[in-house]
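J.: here is the input, now give the coordinates:
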Amino acid sequence: EFHGAHGLVVTDEMAVAIAAQACLPVLRLGLGPYRGFVGIVVHSDEVVARRSVTDEDGVVHEYDEWLTGEAMEGGPVMLSWPDVAMAGETAAGAYNVVVHEFAHVLDMGDGEPNGMPPLSDKAARARWAQCLGDSYAAFCEALDCGDHTFLDPYGAQAPEEFFAVATEAFFVQPRSLRAEHPDLYSLLAGYFQQDPALTVRE
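T.: As a prediction, this is how the structure comes out:
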């Protein structure tokens with residue numbers, strides 16, 4: 001179900017553009033992994049969300065966060081239409097808001113997002129935790145050292161954001177991801193059952 005926020009009319013062309021990008025991650029998996037969410041809310045621009053976080057000392061911190069997209073457990077998925085519409089242009093920067101948010105949907109398939117979507121068995125989960133954990137640690141270390149990184153620095157926020165950022169790159173800049181993070185690329189290729197580095201033009 002598509003809904004336009006604040007009077008925005010979601011045309012068939014807009015819905016198809018969103019659906020086509022959202023289907024990339026599940027092209028070989030089927031729509032089953034998306035069963036747990038309902039609705040896509042499309043905004044005419046970025047959205048300001050009021051956040052409230054309690055730190056370890058019990059102090060509450062409130063702040064505003066600008067969002068181009070957000071996936072909530074059980075749905076809906078919120079998207080900024082300008083960011084969706086510019087997917088062809090922003091792919092060069094390994095950015096795709098639809099793929100990013102639907103990576104979160106996959107991640108939340110077994111509960112809270114943690115950078116690990118539902119996997120078949122304990123061994124697969126162990127392999128995933130090792131590879132993603134090592135890649136995430138190396139990525140954060142590179143940022144701490146001031147090194148340039150191919151992946152969006154936003155991925156350093158948490159493992160779940162690293163997974164979403166890496167998934168964006170996997171689908172829109174696969175050769176670059178494979179060159180910088182070969183083990184992570186291999187992990188994602190196995191999970192998504194795709195090897196876009198062989199077919200995607202960059």
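
J.: which residue would you name as the spatial centre of the chain?
T.: Nearest to the mean C-alpha position of the chain, counting by CA atoms, centre = their mean, stands residue 100 at 2.2 Å.

J.: which residues of the chain fall in strands?
T.: 2-4, 40-43, 47-54, 60-67, 69-71, 77-80 (DSSP state E).

J.: redo the ones you listed as CSV? Include distance to residue 200, mean pLDDT and mean neighbour count.
T.: No exception for glycine: its C-beta is placed from N, CA and C like everyone else's. CSV is the format used below for those (distance: least, CB to CB, whole Å; pLDDT from 0 to 100; neighbours: other CB atoms under 10 Å):
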stretch, distance to residue 200, mean pLDDT, mean neighbour count
strand 2-4, 27, 95, 15
strand 40-43, 24, 96, 20
strand 47-54, 30, 73, 10
strand 60-67, 27, 76, 10
strand 69-71, 21, 92, 21
strand 77-80, 22, 96, 24
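
J.: nearest to residue 34, out of those?
T.: Within these, the stretch nearest residue 34 is strand 77-80; the backing value is 9.6 Å (CB to CB).

J.: distance from that closest one to the middle of the chain?
T.: A distance of 12 Å separates the centroid of the chain from that of strand 77-80, by CA atoms, centre = their mean, to the nearest Å.

J.: now for it, which elements pack on it?
T.: Where contact means 3 or more CB pairs under 8 Å, 6 or more residues apart in numbering; DSSP states H and E, strand 77-80 is packed against strand 40-43, strand 69-71, helix 97-107.

J.: surely the residue nearest to the centre of the chain and residue 166 touch.
T.: No: using CB atoms under 8 Å, residue 100 makes no contact with residue 166, being 9.9 Å away.

J.: where along the protein do the helices fall?
T.: Secondary structure of the chain, counting by DSSP state H: helices at 12-23, 81-85, 87-90, 97-107, 122-144, 159-172, 174-180, 182-192.

J.: let me have the ones you listed in JSON lines, extended by mean pLDDT.
T.: JSON lines is the format used below for the helices of the chain (pLDDT from 0 to 100):
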{"stretch": "helix 12-23", "mean pLDDT": "97"}
{"stretch": "helix 81-85", "mean pLDDT": "96"}
{"stretch": "helix 87-90", "mean pLDDT": "92"}
{"stretch": "helix 97-107", "mean pLDDT": "97"}
{"stretch": "helix 122-144", "mean pLDDT": "97"}
{"stretch": "helix 159-172", "mean pLDDT": "97"}
{"stretch": "helix 174-180", "mean pLDDT": "96"}
{"stretch": "helix 182-192", "mean pLDDT": "98"}
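
J.: for residue 73, find the nearest of the ones you listed.
T.: helix 97-107 (9.1 Å).

J.: give me the helices and strands touching that closest one, please.
T.: Here helix 97-107 touches helix 12-23, strand 69-71, strand 77-80, helix 81-85, helix 159-172, going by 3+ CB pairs under 8 Å, 6+ apart.

J.: closest one to residue 3 among the ones you listed?
T.: Closest of the helices and strands packed on helix 97-107 to residue 3 is strand 77-80, at 9.8 Å (criterion: CB to CB).

J.: and for that closest one, what's in contact with it?
T.: The contact list for strand 77-80, computed with CB atoms under 8 Å, 6 or more residues apart in numbering, reads 5, 18, 37, 39-47, 67-72, 97-98, 101-102, 105.
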